[in-house]
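J.: no FASTA, just this:
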C-alpha cells in the first residue's frame, strides 16, 4: 500500500507544479528541475507521512474533484477509463495508470451518492471538520468489484445517429459524451508531447522511481549493441611490458665460471664424424647431386621397327584417310595470267561466306619470290586437316570415272532410220464431227473413214478427194471402219451402233466390183440352210446376229450386208485371209466378242465367259492365234486347239488398243494411262519397254505392216509419235526402239485429239483420224 | 512364322557405337579418348542407316565401329592413361593438403619412372600396329611431314614448347638429309601457301607442304592440344621412318648433331652423316684454295658453253634441243621406250616415267651462290637434293656455306631475288678504284649466270636446265606451273598453245559473243523491231497461197510440249526457216519490181558473215547434239539417267571453267599483255 500512497502524494504535489511543467515541458533543464522537485517533494512526503492524514484525505478529495473537472473541461473528450488513464498517464507517468483507474471508480461512486452523503461531519479534536463515514455494510450487492465494468455508457443507440454531432451520446448524468479522439488527433497530441530525453518507461526497482538513462549510459548501451568495447578509451591489447630485456645486464646473474666442455671438442662427435668421413672416402656416401632432367630426352631409342615386317591385308572396313589434293596451277605464286581473278570474280569471292567459297584462297601473282607473304591460314588449314583425320566419318564412295556418254544407249543416226513420216501432206476435210476410225485399203490407193456423222467416206489417198460416201448410221456414229484384206475384192466393214455393215464401194473397175459383190452375196443361203439351233426347252434359239440386206436405198449405194448384233460394236478386226472378222462390243457380257464368217454368213461366240471387259481383239498375222485384250491383260488363244496359250500382263490400268508385229513375236500396247508398252512375247509376259511420252491417253497403236520397222501411236493430246522399232530375227538380240518423230497437227476438241491411226501398206506413210473432223496423211 | 527378332542385338545396331557409349565403355575422359583415337587411327563411321544404328531416339552424330572400340579395351596406353589420372589425383590431393613436398616428390617420381618401377609410355607398338609394313608408313607420310615441317617453323609458346619445335626441326632436317643422299626428291612447287615438295621413296609418292619462313599467324580457334597429340605420334613415326631410311642407305641413325653449328644457323650443315662401317661421309672440300687456283676445267667448259648459249640466244637453244635428240637415237638401247598409241581406240597403259637426266646430276657441276635476300633453306635443300655439292651464301644467311665470299671464282650461278639497280657510271668508276672485297651495288661478276630462284624450281620440275636469260634478275618471269597437275584431255592446259585445245570455231563464236555484248546496248531497239516485221510478212505469204504448210508451222510452234521428244523436227524447222527466208527475199524482190525501186543489196562483211556462220553452225550442232542426247536419255532407266545427269553436270562445270580460262587467255593474247605460248 505504501507505494500507492506515495504516488498519490506525489501526484498531489506534482499537481501543484502542473502548470509550469506543462508550459515548460520542452526545455530539458526545467524538466530536470521538475524531476528534482518531484524527488524533493517525495522526500518531504515521506517526512510528513506520520502526522498528516487529514491533509492526505483532503488531498484525495481535491484530487478527485480535480479528476472530475479534468473530465468535464478537458479539451480531449474521454470516453473510457483506459483513455482517460492514458491521457493522464501520458501527462504524468505510466506507473500511475492503476491508481487512476481506482480513482475514477471512486469518482463514479461519489457521483452516485451525491444527493445523500454517506458521512456525517463532526468536529475533531482540533475543532476542524471531520468526516465520519458510515460503516459499510458488506452485503453481497455492495461489492461490485466482481461486476463487469460497463463500458457502454451511451445505451443501445446506434452511433450513426450522432454522426453530425461532436458527441456520441449522454452519460448517466445527462452530460454529453464527446466523440473519442481518433487517429489523427491522437497523433497530433502525441507529436505535441515530447518524450523526455532518456525516458525508458521502466521503474527503477530499487527506488521505485522512473528509470531514466543518461547520455553516457545510452552510449554504453550502444557500444554493447554494436559489439564494441563498452568502456571508451580501453586498450584491449596494450604493449607488452617485458620482464626480461635482451640487453645484457652489466652485472651477471650468476658468477659461475664457464664449464670446461665449452672449450674441448667432443670426442663422441669426432668419432661420428670420422665414421662419415670414412664412409665418404670409401664411397659409401655420395655427395648430393641434383636430378638431371636432360637425361630423359635421350631416352627415345630408335630401332628398326619393321625388321620382321609381314604384309597384312587391310581390314575390309578400314578406309585410309584420303590424301590432300595436290596444288593446281592457280595456287602458284606466279600463275599464268588467265588464272588471276577478274575484278568481278574477286568481288564475288570476297562477298561470299568463308564456308561457301569454292576455293579458300584467291589466286594471286607476285613478280618475285621475295614478295610472297606468309599464308595466314596455314595453321588453320593444318588444324582442319587434323580434325578431319580423327573426327570426320569416312565413307567409301565409288566414283564412276567414265565418260558419261558411254552410259547413253547407242542409238542409230536419225538419217539411218529414215524414211518415216515427217510432214502432213494431205488433209481430208468433209466429216462433220469427229472422225472415229479410218483405214487404208490393201492396195494403198483409198482411204476409208467413218465418223460421228454416221457416214463412211472413201477418199483418194494422195489427193484428198472424196470419192464415195454412204450414210449408214442415222443417229449413231460409225465406230469402226476396216478394209477386208486381199486385193481380189474391195470390201469395207463398218460398225455403227449394233449394226455392222459390209460395203462394196463402187470406186474400182466393174470386174473387181462384181467380184466383191459376189463374195458378199455368196453366203446367203448358208445361214438359212443351216438348222436353227434349239434351246433346251425346244424353242427356237435367238441367233446371236442377224445377217440381212440393209434395204434398197443402201444397196444402191453399195452397202450390201447388215449384221445386227445385240449391243454396240466398237471394234472390227479382220483375219488375214479375209473370210473371218471379229467384232467387239464391250458392253455385252457374254456375247462381247463375236467371230463372223463371211462366206457362210455365220456368227459365232467363241467365249462363254471372259474375265473382264474385252477392249479389242486381233488375229495373229501368221499363226492360228487369237488375241483378246481385256482391261488389264491380253490373252492369246489357239483357235485350232481351242485353248488359252498365254496371258500377257502389260501392267497398264486400262488397255485401249494393241497391235501385233507382222513377225508375230512382238506386241505393242497402248493404254489410257498414257503408256505405250512393247512386249516381246518370247521374252516375258511383262513389257520389255515402257514408254511414257504422251501427256494424255493413248487411243491407238499400229505397226507398219509393209516392211518398214515403224510403229506409231495416237494420243488424246493431239499428237502422233512415230517410233523406229527394229526386230531382228536373232533370238539373242532384243528389239531396238528409237523414238523418231512427233507429228502434231490435229486440234484437240473436247479433250480428244487423234482417234485412230493407220499405216500405208507399202509406203512409210500414215494416216490419222482427228477429233477435229479431219484426217491427215503424213509422209 | 519364325521367331520374333529382338531389336538392337544384331546388324547395324550392334556394329556401331556412339561416342558417348564408347567413352563410357573405356572409362576414360573425353580428351584421353581423343588422344587414343588419334594415335590408334580410329575414326568415326557413317552407318548406312543412322536410325538403325542408334539405340536412343535422339539423333547421335558420331558413330564408331564397335570392334574398333573393343580393340581399344586391350590397349596398354589405356592403362597408362589411368595411372596418369591417379597420379594427378594424388598430386592435387597433396597440394590441397598443403603438402608441397609430397606433391613434388610424387611429381619427381613420375618424371623418373624407372626409379619407381613404372615405365613411361611409348608409341612404338602403335606405329607397328598401324603400319605393318614400311611401305604402309611411307604411304601415310604426307600429313606427318606437313605437320612436322609446320611445327619446325613455329615460334615457341607455352602451348608449343621449344623442345618439341627443336625435335621437329631435327627430324625434318634428318629426313631432308636422307632425300639429299638418296636423290629421291622429284618435284617442288612454289605456291602461295608455301613450298610443296614431292619425293618418291620405294615407289611411294610423298607430297608435303612447307610454309615460307615467316612467323605463323596463330589464331585462337586452333587447339594446340590436338595438334600436339598428332605431333607426338608423327615424331615417333618419322623417327622410325628415318631410322629405316638411314640404315637402308648404309648410314648411322641418328646422325651426329653439332649444336654449336646449329646455333649459328647451319641447319642442314649441323648434321654429319656417318656410314655404317666407314666414317663420316666426306663433305665436299673447296676445290679451289683461293683465287689463284685455276677453276675446274670441266666446269669451266660448262660455263663457257652456257655463256655462249646465252649470247647466241634462241638459235642456240634450238640447236641444243635438237642435239640431244640425235644423241638419243644413238643410245636408244639404253633409255626406256615410250609407248604411245599409234591408232586411237587402244587402252593406255600406265608406264614408268623415265627421265633423260638423272636427278643426282642436274646441278652437280655447278657452284651456286645465294644472295642474302633469297630463301636459303629451300634453295639449299633443293640444290643439294639435285646433286649440287657447292653452295655458298652470304654470311647473313648462316653457317654451313661452301663459301661466304661472293667473289669466289668457282661460282657459276648466283641466285638473286632483287631488282637490278641502275648504277651511276661515276660511282662505278669510283668503285673500281677501290680494291674492295665487297662488290659494288648492282655490279656483276663476269662469267657467272645470274638467275632468279624460280629458275631452280622450273629446272627441277622439267628435269632440264632452263634458259637462264628468261629468269635473269628483273626479268618478267614466265609463269610458274604446278608439276602435280595431271594433264587430262579436255581440261585446260596453260602450257599448251591455245589453238590446240579449243573447240572448232570457238574463237569466232566467242568473238561474236563479245561483240554482241558490246553492241547489245546500242542495238536493242533495232533487234526488237526486226523480227516483228518478218513475222508480218510471213503471215502475208501464207495468206496468199500455201494454206496447208503455213497453218502447219503455226500449229507446230504453238503445240510444242515440253515433255515430248524432239524427234528431228528442229532440223527441219531450220530448213523451213531457210526456205521461208528465201521466199521472203523473193517476195521483197517482187515488191521492189512492182514499185520500181532498186533493191539495195546488203553489203555483208565476209568476216562478220564467217562469224555468224560459225555461231550458227555451233548453235545448230549443239542443238542437234542436245536432241540426240535427249532421245538417248529417254531410252535409259531412271537410275542410269540420274547418274548420267550428275556426271554431265560436273563435266559441264569443268568444261565451263576450262572455257573461261581459254577465253581469258585469248583476251590477254589479243591485248598483247601475254605472249602466245608455244
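T.: Okay, I see it. Note that the structure is predicted; figures quoted are calculated from it, not measured.
J.: and residue B:91, what is it in contact with?
T.: Contact partners of residue B:91, counting by Cβ atoms under 8 Å, 6 or more residues apart in numbering or on different chains, are B:103, B:106-107. Every C-beta, even on glycine, is put in place using the N, C-alpha and C of the backbone.
J.: what's the straight distance from one end of stretch B:380-400 to the other?
T.: 10 Å (Cα to Cα, to the nearest Å).
J.: Return the set of buried residues in it.
T.: Buried positions in stretch B:380-400, judged by neighbour count with 16 or more other Cβ atoms under 10 Å in any protein chain shown: B:380-394, B:397-400.
J.: Show me those that map onto strands.
T.: B:390-393 (DSSP state E).
J.: quick check, nearest of the residues you listed to chain A?
T.: residue B:393 (14.8 Å; Cβ to the nearest Cβ).
J.: Quick check: chain neighbours aside, which residue is closest to that closest one?
T.: Nearest residue to residue B:393 in three dimensions, chain neighbours excluded: residue B:370, at 3.9 Å (Cβ to Cβ, 6 or more residues apart in numbering or on different chains).
J.: A helix includes residue B:148, no?
T.: Yes. Under DSSP: H, G, I helix; E, B strand; the rest coil, residue B:148 falls within a helix.
J.: any idea how far residue B:236 is from the residue lying closest to it once chain neighbours are set aside?
T.: Of all residues not flanking residue B:148 in the chain, residue B:168 sits nearest, at 4.7 Å (Cβ to Cβ, 6+ apart). Counting by Cβ to Cβ, to the nearest Å, the separation of residue B:168 from residue B:236 is 12 Å.
J.: Can you report how many residues lie near residue B:229?
T.: Residue B:229 sits with 20 neighbouring residues when counted by other Cβ atoms under 10 Å in any protein chain shown.
J.: any idea how far residue B:32 is from it?
T.: Taking Cβ to Cβ, one finds residue B:229 at 10 Å from residue B:32.
J.: Kindly report the same for residue A:662.
T.: Residue A:662 sits at a distance of 80 Å from residue B:32 (criterion: Cβ to Cβ).
J.: cool, and residue A:266?
T.: Distance from residue A:266 to residue B:32, by Cβ to Cβ: 60 Å.
J.: More neighbours: those two, which one.
T.: Neighbours per residue, other Cβ under 10 Å: of residue A:266 and residue B:32, the larger number sits with residue B:32, 19 against 10.
J.: what's the overlap in contacts for residue B:229 and residue B:32?
T.: Counting by Cβ under 8 Å, 6+ apart, nothing touches both residue B:229 and residue B:32.
J.: What residues sit buried inside stretch A:272-288?
T.: Applying 16+ other Cβ under 10 Å to stretch A:272-288 flags no residue as buried.
J.: Taking the ones in strands among the buried residues of stretch B:380-400 together, which two end up most distant?
T.: B:390 and B:393 (11.1 Å; Cβ to Cβ).
J.: Run through the helices of the stretch 1-150 of chain B in chain order.
T.: Secondary structure of the stretch 1-150 of chain B (DSSP state H, counting those that start in this stretch): helices at B:12-15, B:19-26, B:30-40, B:50-53, B:66-72, B:76-97, B:100-111, B:113-116, B:124-130, B:134-139, B:141-152.
J.: Tell me where the model's unsure across the stretch 401-550 of chain A.
T.: Within the stretch 401-550 of chain A, the segments meeting pLDDT under 70 span A:414, A:526-541.
J.: for the stretch 101-250 of chain A, what spans make up the helices?
T.: Counting by DSSP H, counting those that start in this stretch, the stretch 101-250 of chain A has helices at residues A:183-192, A:215-225.
J.: likewise the stretch 251-400 of chain A?
T.: Using DSSP H, counting those that start in this stretch, helices in the stretch 251-400 of chain A cover A:267-282, A:343-351, A:378-391.
J.: out of these, which comes closest to chain B?
T.: helix A:378-391 (4.6 Å).
J.: buried sites along the closest one?
T.: Going by 16+ other Cβ under 10 Å, helix A:378-391 has these buried residues: A:378-383, A:385-386, A:389-390.
J.: how far out from the middle of the chain is that helix?
T.: 36 Å (Cα atoms, centre = their mean, to the nearest Å).
J.: touching chain B at all, that helix?
T.: Yes. Using Cβ under 8 Å from any Cβ of the partner chain, helix A:378-391 reaches chain B at A:378-383, A:385-387, A:389-391.
J.: per-residue confidence for the residue of the stretch 101-250 of chain A found nearest chain B?
T.: Evaluated by Cβ to the nearest Cβ, the stretch 101-250 of chain A has residue A:237 as its residue closest to chain B, separated by 29.2 Å. Residue A:237 carries a pLDDT score of 88 in this model.
J.: how many neighbours does it have?
T.: Around residue A:237 there are 5 residues (other Cβ under 10 Å).
J.: likewise residue A:133?
T.: 9.
J.: and it, what is it in contact with?
T.: Residue A:133 touches A:118-119, counting by Cβ under 8 Å, 6+ apart.
J.: quick one: low-confidence parts of the chain?
T.: Picking chain A for this. A:1-116, A:138-151, A:153, A:291-299, A:414, A:526-541, A:731-732.
J.: Chain B was what I was after
T.: For chain B, the ranges with pLDDT under 70 are B:1, B:60, B:112-119, B:277-357, B:422-442, B:503-583, B:596-605, B:673-678.
J.: For it, which segments count as strands?
T.: According to DSSP E, the strands that chain B contains are B:16-18, B:63-65, B:185-190, B:195-201, B:204-210, B:256-257, B:271-272, B:367-370, B:390-393, B:413-415, B:449-451.
J.: Need the winner for burial among the ones you listed.
T.: Of the strands of chain B, the one with the most neighbours on average (mean count of other Cβ atoms under 10 Å in any protein chain shown) is strand B:367-370, at a mean of 26.
J.: Relative to that one, what are the paired strands and their orientations?
T.: strand B:390-393 (parallel), strand B:413-415 (parallel) (DSSP bridges).
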